[in-house]
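1. need the 3D shape of this:
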Amino acid sequence: MKKKIFLSGVGGMLGEAFYKIFSKNYELKCTDIDVNEKWLEHLDFRDAEKYSLLVEKFNPDYLFHIGAYTDLEFCEKNQEETFITNTESVKTAVRISNDKNIPLLYISTAGIFDGKKNSYDEDDTPKPIGTYAISKYEAEKFVIQNSKKFLICRAGWMMGGGPKKDKKFIQKIIQQIKDGNKELFIVDDKFGTPTYTYDFAKNTETLIDTNNFGLFNMACEGNTSRLEVAEEILKILNLSDKIKVNKVKSDYFNKTFFAERPNSENLINKKLNQKGLNLMRPWKETLREYINTSYVNYL
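-> Numbering: from 1, shown residues only. Alright, predicted model coming up:
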């Protein structure tokens, strides 16, 4: 008999990967405020009573709390709503999972560090800057301090979901290409680690299946920069000679992207490596796979 997982906030790019990976071996109840797939049921997880009732009804073996506001500018402009969504709802998930005595999965982020070091492993102390990062770190701390049994997986620069669900850097670059831009303006002062949603979901499944809980960094292998990622996209699409890349500093985009961001969000998967459970592939390999599978008929 398959074990059961209740997933909340899985209408986005990461949720899609979790559905596709976990539905093979588990019975799932997938929920989101935006019912954009036939496998989704409506739930605003900020409604603690409804959240609790739906989980109780499904009676799962695990609770996965996936969703969050991740647009940094939105979070700065809507701080109260951000903390309700990104922090308070996680506290609800902790209470539900504790009451049912089931493990909780919470997704955290490299964005909770201040970026003053070159890279970060699980032993480094987060110093969040900005509303988004603070809301995520407050939730992470609450899970660690209050959950009976938890798995926290920290992602880097997320990529996945294709044109329908990717609202991040890859989609923004490819959209500019699709729109006919012959020049791209890319920052050369921001560093991080791309994280392919499917690798992330597969590695999470491995941790669950091997009964490994606690806090894990989980990003693809190889630290890089926004500039190198953009150049790699052009290389994959055979457009390096046709589109010019202009290097700029972050303040070039101050009006659009006004929320402060860490200079470095490089993650090291120290604990995954120590346990021999690091399934995260090199970021260039996953970027190529992502573009070749999700954007084949888009450009």
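2. how many neighbours does Ala68 have?
-> 24 (other C-beta atoms under 10 Å). Any C-beta I mention is one placed from the backbone N, CA and C, and that applies to glycine too.
3. right, and it touches Ile107 too?
-> Yes: counting by C-beta atoms under 8 Å, Ala68 does reach Ile107; the two are 7.2 Å apart.
4. the chain: strands as residue ranges?
-> Under the criterion DSSP state E, the chain contains strands at 4-8, 27-32, 40-42, 62-65, 104-109, 150-155, 157-159, 183-187, 191-192, 194-196, 214-217, 224-225, 244-248, 264-265.
5. rebuild those strands as CSV, extending it with distance to Asn254 and mean neighbour count.
-> As requested, those are exported to CSV (distance: least, C-beta to C-beta, whole Å; neighbours: other C-beta atoms under 10 Å):
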stretch, distance to Asn254, mean neighbour count
strand 4-8, 35, 23
strand 27-32, 33, 21
strand 40-42, 37, 14
strand 62-65, 33, 24
strand 104-109, 22, 24
strand 150-155, 26, 23
strand 157-159, 20, 26
strand 183-187, 11, 16
strand 191-192, 19, 24
strand 194-196, 24, 27
strand 214-217, 30, 20
strand 224-225, 19, 18
strand 244-248, 11, 13
strand 264-265, 19, 22
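6. so which elements touch the helix ranked longest in the chain?
-> Of all the segments of type helix in the chain, defined by DSSP state H, the longest one is helix 131-146. Helices and strands touching helix 131-146, by 3 or more C-beta pairs under 8 Å, 6 or more residues apart in numbering; DSSP states H and E, are helix 72-77, helix 79-83, helix 89-100, strand 104-109, strand 150-155.
7. could you dump these into TSV and include distance to Thr193?
-> Shown next, in TSV, are the helices and strands packed on helix 131-146 (distance: least, C-beta to C-beta, whole Å):
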stretch	distance to Thr193
helix 72-77	18
helix 79-83	24
helix 89-100	23
strand 104-109	11
strand 150-155	9
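8. looking at those, spot the one closest to Tyr26.
-> Among these, the nearest to Tyr26 by C-beta to C-beta is strand 104-109 (12.2 Å).
9. roughly how far out does that closest one sit from the chain middle?
-> Relative to the centre of its chain, strand 104-109 is centred 9 Å away, using C-alpha atoms, centre = their mean, to the nearest Å.
10. what strands line up against that strand, and which way round?
-> Note on strand 104-109: by DSSP bridges, its sheet partners are strand 62-65 (parallel), strand 150-155 (parallel).
11. out of the ones you listed, flag the one nearest Ala133.
-> Of all the strands paired with strand 104-109, strand 150-155 sits nearest to Ala133, with 11.9 Å by C-beta to C-beta.
12. circling back to that earlier point, mind checking which of the helices and strands packed on helix 131-146 is nearest Gly15?
-> strand 104-109 (9.9 Å).
13. keeping just the C-alphas, turn the closest one into PDB.
-> Provided in PDB are the C-alpha atoms of strand 104-109 (Å, rounded to 0.1, in the frame of the first residue of the first chain):
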ATOM      1  CA  LEU A 104       7.100  17.900   7.800                       C
ATOM      2  CA  LEU A 105       9.000  19.000   4.600                       C
ATOM      3  CA  TYR A 106       9.700  22.800   4.400                       C
ATOM      4  CA  ILE A 107      11.500  24.400   1.400                       C
ATOM      5  CA  SER A 108      14.000  27.100   2.400                       C
ATOM      6  CA  THR A 109      16.400  29.200   0.300                       C
END
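14. redo the strands of the chain as a markdown table? Include distance to Leu14.
-> As requested, these are arranged in a markdown table below (distance: least, C-beta to C-beta, whole Å):
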| stretch | distance to Leu14 |
| --- | --- |
| strand 4-8 | 10 |
| strand 27-32 | 11 |
| strand 40-42 | 14 |
| strand 62-65 | 10 |
| strand 104-109 | 7 |
| strand 150-155 | 8 |
| strand 157-159 | 6 |
| strand 183-187 | 24 |
| strand 191-192 | 16 |
| strand 194-196 | 9 |
| strand 214-217 | 15 |
| strand 224-225 | 20 |
| strand 244-248 | 28 |
| strand 264-265 | 16 |
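15. now those as TSV including distance to Thr85 and mean pLDDT?
-> Below are the strands of the chain laid out as TSV (distance: least, C-beta to C-beta, whole Å; pLDDT from 0 to 100):
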stretch	distance to Thr85	mean pLDDT
strand 4-8	11	98
strand 27-32	12	98
strand 40-42	16	98
strand 62-65	11	98
strand 104-109	13	98
strand 150-155	17	98
strand 157-159	17	97
strand 183-187	28	97
strand 191-192	23	98
strand 194-196	21	97
strand 214-217	22	98
strand 224-225	30	97
strand 244-248	32	97
strand 264-265	21	97
